[in-house]
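Undergrad: Take this sequence and fold it.
(chains A and B)
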Amino acid sequence: MTVSLYLNYKTWVHRLDGRTKILVVLGFFLLALCFSHPAYLLSVLALVLIGLGVAQAGVNVRKIWALAALLVCYSIILWPFFVEGKTPVPIFHVLGVTWEGCMFGLGMGIRLLIMVWGGVWLLSTTTIEELTQASQRLGLPSRVGFTFSLAFRWVGILLGAGVGVIQAQRSRGLDISSGSIIERVRKYVPLVVPLIGHALRQTNLLAMALESKGFHPTVHRSCLVTGKMQRPDYAVLIFLGFTIGMSGWMRWQGIGTLEIGF
Amino acid sequence: MSAHSAFYDPRRWWADLAGVWQDTRLIVVTAQIAAIYAAILIPFKAGIPIIPGFVELRPANAIPIVASLLFGPAAAWGAGIGNIIGDCFGTLGPASLFGFLGNFFFGYIPYLMWGQLGWLSSGQLPMVKSWRQGLEYGLICVVASGVCAGIIGWGVELLGLLPFIVLAPAIFFNNIVMGLFLGPPLLGFLYPRVQRWHLRYEDIRPSFVPSEQGADFYQTSTSEHDALNHGAEAQTNVPLLACREFSFSYATRTTPALRNITFTIDPGEFVMLLGRSGSGKSTLCYACNGLIPHMIPGACSGAIQVCGEDTRALPVWRRAEQVGLVFQDFETQLIGTTVGAELRHPLEYREIPLTFHKMNGRMAHALSSVGLDVDLDRDPMRMSGGQRQRLVMASVLVQEPPLVILDEPSSDLDPVSRTQLRQTLRRLRDDGLSMLMTEQDHDDLQLADRVIVLDEGNIVWDGQPAMLLRDPDLMRQRGIRPLALTECFENLGCDPLPLTLEEAWAWTEKLHLILDPPAEVVDDSVRIGKPASSRDGPTDPIIQIEDVSFRYEEEPVVQDITCIIYPGEFLALLGANGSGKSTLARLLNGLLVPIQGRILVDHLDTRMTSMNELAKRVGVVFQNPDHQIFADSVWDEVAFGAKNLGYSQEEIAIRVCESLLAVGFPVEQSGSLDPFSLRKGERQRVAVASILATRPAILIFDEPTTGLDAPETDRMMTMIRDLHRDGHTIVMITHSMRLVAEYAQRCLLMERGRIVADGSPRDIFHDSTLVSRASLEIPPVSRFSQRWGYTLLTVNEVKASLKPRT
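TA: Reported below is the predicted structural model:
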């Protein structure tokens, strides 16, 4: 079973260096944090959507649109009750709801979308291997990067084994959808224990296999495949830097933020 | 009790946490905890929402606490990384940082706190078997859950995404419920096993300290090693591998696994190691590349040299360029997410790094050596089992070691993959690579230059493969199945006994023999004890498959299948991988529902019958028994199915006893025996017993002999035959033409989701074109007899049919 959002297309975004893509996503997050006004956040969201369009990541956006829509709804509904503003909303003013609060809720919903879809953009255009290599070149210790990619590899194996476990236990009459909360929770024991046992049985073998191939935590890992920054990378980073700089200045000037209290 | 007092010393916290990254096993445990957490997070949901659509009760939230009490700081890192991996399925963002931190502490606090709560501590192992342990566990749960919820809730509010007061209580509730209700039973099942496997944090650190006895032997062996090295320098023809009087006993066992092993391997030689399970084959492989004693504790004496150096002189990871090792479970060895990553990884840990150009050259050469023509970006999970096996071999060959050791490389492969492996081995042998390969069976024996037979840790035979193959008595004594053709000509005065079809035909000419099967052979009485055409009892079908189709997403897997199965039949489902056999089996017990057509099992339509009702009629024994075994004892494991179906305690006890007797398992030991501690063949029998406890009339076996050696295979098939004789209807999915020939009354041959043949094995084996199209091979015995126009299936049939020419 494969467990990646990566889409194997040949767009120019896919060809960007992994470090550039990580920095772009961090840039998206930073831009989202600069503003709280929905109108300004919409412009950041537009950037993210353009990025998703260029990367042809529509299929991944569709996979999580329901979750994203739900989170936006929660944000719009909940935040007005937790922030103070100047202009009360008719009928709901008894609950302390103000127009500024509603705007803030909408803004936070858009911020949430930026962050979620920004992450989807990165995962749609970057393989796990690229991601771990780029992270290492940005300072992540190689052992941590290796552990991350090893874990990712194992998720696929365990998901496949999980299907087998569910089928085997259902064939023996296990029904996890019936009973009280506590009964239903305990019914997960026959599902979880075989899966964990399956993984742990391999621990010694995997450690032996790794060292047999020359791996050791104390050995320096030389990165044999090193991406090089090309002109599109520099262009994107310059654009990003300019945008963040502008946004930072606007934030400092109080542009794009709402006047609210908590 | 926790073996540390780090709770009040933050410097010890950092030493513990940093120490995880200094040990290979702890890194592996960290990765596995992360993978377990993410893998359980995604598909398993309790269906009880806390924040509808966003937060709901998930069993995964018990994992950090349980893992923390088992694996200490490794669980902290694993839980944090696991949370990030879970976020990679669509919610990766800055909140993931707080998710990492929250889960990190969720996985660290229990380890820190257990045994450190003063008078509130239970002073016992981290399980929940007493009220004091329960109290301590509960308190730790509350604190750890609170810290996790607090960090995540605060962080998410800081980012302005959701209010703290909404998210934090939801996370806390989720963690507490799972921690309190799922954690204790998980700990109860896992702690004793992890302890037995020496995988607890306190077992792994410090790692792999040789026993005192081992140290004494090591001292003795060092002087032997020096003498050996001096001796080696004086010789002009140094063997590639030299094993001298090598003995080894595992730290946990009293009986030696290897006794005074002495042999050599010369450059370019291909040596095969044969022997039954437990004879010491894998142990010898581990010793040859230094895993023993560097990573496997025990007492050893004697010496093993590779390329003139004692294997104990350097750590294992420094020896990768001299000796490559392909483990039996090749899936475990795959660590990369792409073919390129898999091949690059070993090259990135060299002392002297390679240039980019040289690296590419090595990778291309390794892939061509194993006959693998795939893109470097290919995901290994999308490759067949045989291709993954060859990828693992390539990842070992990429270091260009002069010696490669392969531990039972074909045990889990289907026939097509075995053929590809055989071609690969032939290619590597012709290229001059030295190989040491272990096997339980004789299939690839003729590829080797030399064969060594191990039994109970001793070398009992060492010589040419052909000589061993011509001695079927010796092979049987050592638990190795002889060649069927050779067995046919035993006791006929042939010397040498034939190994190939040509030799067998030549002997029939020389001895003036013909093949003239008597009536009892033709009607299957010799093979299965009664004529195949006879059918005892009622003729009402027990399974009716009517024009059934099924597909996974858009891909058709089973198409237009129509078939009737009668009570008491022994039916084999044959076909290549992906032909739809396993899917058809899952349709029969209601795990899958047909998208077209219907299946009647004992006159019940599977589309409209609950799984519990179907479980009383159809039992499925899956290929991997480890996918279902979870209970504390064999008794509880076997009783599980019957308990789920709601039988009384008395009824369950009767059924469990009957089932254990049926599979030949001692009832009196079943209450105390841990099924996890059994060997694979025994675990498989426990799995069968657990199905029998529901008393289904139909038993479906999915590849029941995968991974079993010859004696265990015979035991398993004898048990299945006995169940058939007791009246069960048997459906067996298998690749083994030999098993079909010896046991099945009827065969269904499947190809691309359709049934292409339905008849007796004799009828199907008669059509060689049909069989080869399904990527299967007719057994040698059948090919031998087809010269006379007959299709015989077993050695006994041939023996009964060979007669002097009149």
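Undergrad: CA only for contacts and neighbour counts going forward, please
TA: Noted.
Undergrad: biggest helix in the chain by residues?
TA: Chain wasn't specified; assuming chain A. When every helix of chain A is counted residue by residue (DSSP state H), the longest turns out to be helix A:142-171.
Undergrad: My question was about chain B, not that one.
TA: helix B:131-158.
Undergrad: and it, is it in reach of chain A?
TA: No. Residues of helix B:131-158 contacting chain A under C-alpha under 8 Å from any C-alpha of the partner chain: none, with a closest distance of 9.9 Å.
Undergrad: So which other helices or strands are in contact with that helix?
TA: Using 3 or more C-alpha pairs under 8 Å, 6 or more residues apart in numbering or on different chains; DSSP states H and E as the contact test, the elements touching helix B:131-158 are helix B:95-106, helix B:109-113, helix B:164-181.
Undergrad: is chain A contacted by the last one?
TA: Yep, that's helix B:164-181 we're talking about. Yes. On the criterion C-alpha under 8 Å from any C-alpha, helix B:164-181 is in touch with chain A at B:Met178, B:Phe181.
Undergrad: quick one: least confident helix or strand in chain B?
TA: Counting by mean pLDDT, DSSP states H and E, chain B has its least confident helix or strand at helix B:212-234, which shows a mean of 38.
Undergrad: of the helices and strands packed on helix B:131-158, which approaches A:Thr98 most closely?
TA: Nearest of those to A:Thr98, taken as C-alpha to C-alpha: helix B:164-181 at 19.3 Å.
Undergrad: got the angle for the closest one vs helix B:131-158?
TA: With axes from the mean of the first three to the mean of the last three C-alpha atoms, to 10 degrees as the basis, helix B:164-181 and helix B:131-158 are set at 150 degrees to each other.
Undergrad: right, and the helix or strand after helix B:164-181?
TA: helix B:183-196 (DSSP states H and E).
Undergrad: Just want the angle from that following helix to helix B:131-158.
TA: Orientation of helix B:183-196 against helix B:131-158 (the same axes, to 10 degrees) gives an angle of 110 degrees.
Undergrad: Quick check: buried residues in helix B:183-196?
TA: Under the neighbour-count criterion of 16 or more other C-alpha atoms under 10 Å in any protein chain shown, helix B:183-196 has B:Gly183, B:Pro184, B:Pro185, B:Leu186, B:Leu187, B:Gly188, B:Phe189, B:Leu190, B:Tyr191, B:Arg193, B:Val194 buried.
Undergrad: got a pLDDT number for the closest residue in space to B:Cys747 that isn't next to it in sequence?
TA: Distance criterion C-alpha to C-alpha, 6 or more residues apart in numbering or on different chains; nearest residue to B:Cys747, sequence neighbours excluded, is B:Ala572 at 4.7 Å. Per-residue pLDDT puts B:Ala572 at 95.
Undergrad: low pLDDT regions in the chain?
TA: I went with chain A, as the question did not name one. Screening chain A residue by residue with the criterion pLDDT under 70, one finds the ranges A:1-3, A:224-226, A:262.
Undergrad: switch to chain B, that's the one I care about
TA: Counting by pLDDT under 70, chain B has low-confidence residues at B:1-10, B:45-50, B:52-54, B:206-237, B:529-538.
Undergrad: centroid residue for it?
TA: Among the residues of chain B, B:Asp329 comes closest to the average C-alpha position under C-alpha atoms, centre = their mean, at 6.1 Å.
Undergrad: Can you report phi and psi for that residue?
TA: phi -90, psi 90 (degrees, to the nearest 10).
Undergrad: Could you check how far it is from chain A?
TA: Taking C-alpha to the nearest C-alpha, to the nearest Å as the criterion, B:Asp329 is separated from chain A by 9 Å.
Undergrad: ok, back up a step: give me the distance between the longest helix of chain A and the centre of its chain.
TA: Centre-to-centre, helix A:142-171 and its host chain are 19 Å apart (C-alpha atoms, centre = their mean, to the nearest Å).
Undergrad: now for it, which elements pack on it?
TA: helix A:128-137, helix A:189-201, helix B:24-41, helix B:73-87, helix B:611-615, strand B:618-621.
Undergrad: would JSON lines of these with distance to B:Leu692 be doable?
TA: Putting the helices and strands packed on helix A:142-171 into JSON lines (distance: least, C-alpha to C-alpha, whole Å) gives the following:
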{"stretch": "helix A:128-137", "distance to B:Leu692": "45"}
{"stretch": "helix A:189-201", "distance to B:Leu692": "18"}
{"stretch": "helix B:24-41", "distance to B:Leu692": "29"}
{"stretch": "helix B:73-87", "distance to B:Leu692": "38"}
{"stretch": "helix B:611-615", "distance to B:Leu692": "10"}
{"stretch": "strand B:618-621", "distance to B:Leu692": "7"}
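Undergrad: Of those, which is nearest B:Gln440?
TA: The closest approach between B:Gln440 and any of the helices and strands packed on helix A:142-171, judged by C-alpha to C-alpha, belongs to helix A:189-201 at 22.1 Å.
Undergrad: Compute the distance from the centre of the closest one to the centre of its chain.
TA: So, by C-alpha atoms, centre = their mean, the centroid of helix A:189-201 is 27 Å from its chain's centroid.
Undergrad: Now do that helix against helix B:183-196, angle only.
TA: Counting by the same axes, to 10 degrees, helix A:189-201 points 30 degrees away from the direction of helix B:183-196.
Undergrad: Need the residues that contact helix A:189-201.
TA: The contact list for helix A:189-201, computed with C-alpha atoms under 8 Å, 6 or more residues apart in numbering or on different chains, reads A:158, A:161-162, A:165-166, A:169, B:29, B:32, B:36, B:40, B:182, B:185-186, B:189-190, B:626-631.
Undergrad: so what does the helix or strand following it touch, helix or strand wise?
TA: Tracing the chain past helix A:189-201, the next element assigned as helix or strand by DSSP H and E is helix A:203-212. In terms of contact count using 3+ C-alpha pairs under 8 Å, 6+ apart, helix A:203-212 is assigned the packing partners helix B:24-41, strand B:323-326, helix B:330-333.
Undergrad: would CSV of those with distance to B:Met359 and mean neighbour count be doable?
TA: Listed next are these as CSV, based on distance: least, C-alpha to C-alpha, whole Å; neighbours: other C-alpha atoms under 10 Å in any protein chain shown:
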stretch, distance to B:Met359, mean neighbour count
helix B:24-41, 25, 28
strand B:323-326, 18, 27
helix B:330-333, 20, 21
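Undergrad: Quick one: closest of those to A:Trp154.
TA: For the helices and strands packed on helix A:203-212, the distance to A:Trp154 is smallest for helix B:24-41, at 5.6 Å, taking C-alpha to C-alpha.
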